[in-house]
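>>> any chance you can model this:
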Amino acid sequence: MNWIKFALWLSAIYFSYYGTLILWDILRGKKQPYDEKSHTLSFEEDIEPIRETAEEENRNFNSSVLSSGGVTLKQLFNLAREEAIEYTRPVSY
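As a prediction, the model looks like this:
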């Protein structure tokens, strides 16, 4: 048996197996009715939101930087050149 015969037999077995499964599903064709007690998980928590004032928000931070924000790639290279950020590998400018 050569590789071509082997591949043909293998593909024939593959298509016949999956073809019978598809035909079996089509012939069976009955859809299961919707059950109200289906196996669906749902999670509900009783959480009430709390409104914070600006004074409380500023009190929670111990740092002088409140947000870092995003920078462009050019600004990132400028920060690396000024050694304002810490990087682990050398950056080619």
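>>> could you pull up the mean pLDDT of the lengthiest helix in the chain?
The residue-count maximum for a helix in the chain (DSSP state H) belongs to helix 3-28. What helix 3-28 shows for mean pLDDT is 94.
>>> who are the packing partners of that helix?
Packing contacts for helix 3-28, counted by 3 or more C-beta pairs under 8 Å, 6 or more residues apart in numbering; DSSP states H and E, involve no helix or strand. C-beta here means a position set from N, CA and C on the backbone, and glycine is covered the same way.
>>> mind listing what's buried in that helix?
For helix 3-28, a neighbour-count test (16 or more other C-beta atoms under 10 Å) marks nothing as buried.
>>> going forward, begin numbering at 712 instead of 1
Sure, I'll start numbering at 712, so the last one becomes helix 714-739.
>>> and residue 796, helix, strand or coil?
Using DSSP: H, G, I helix; E, B strand; the rest coil, the structure places residue 796 in coil.
>>> name the nearest residue to it, sequence neighbours excluded.
residue 790 (4.7 Å; C-beta to C-beta, 6 or more residues apart in numbering).
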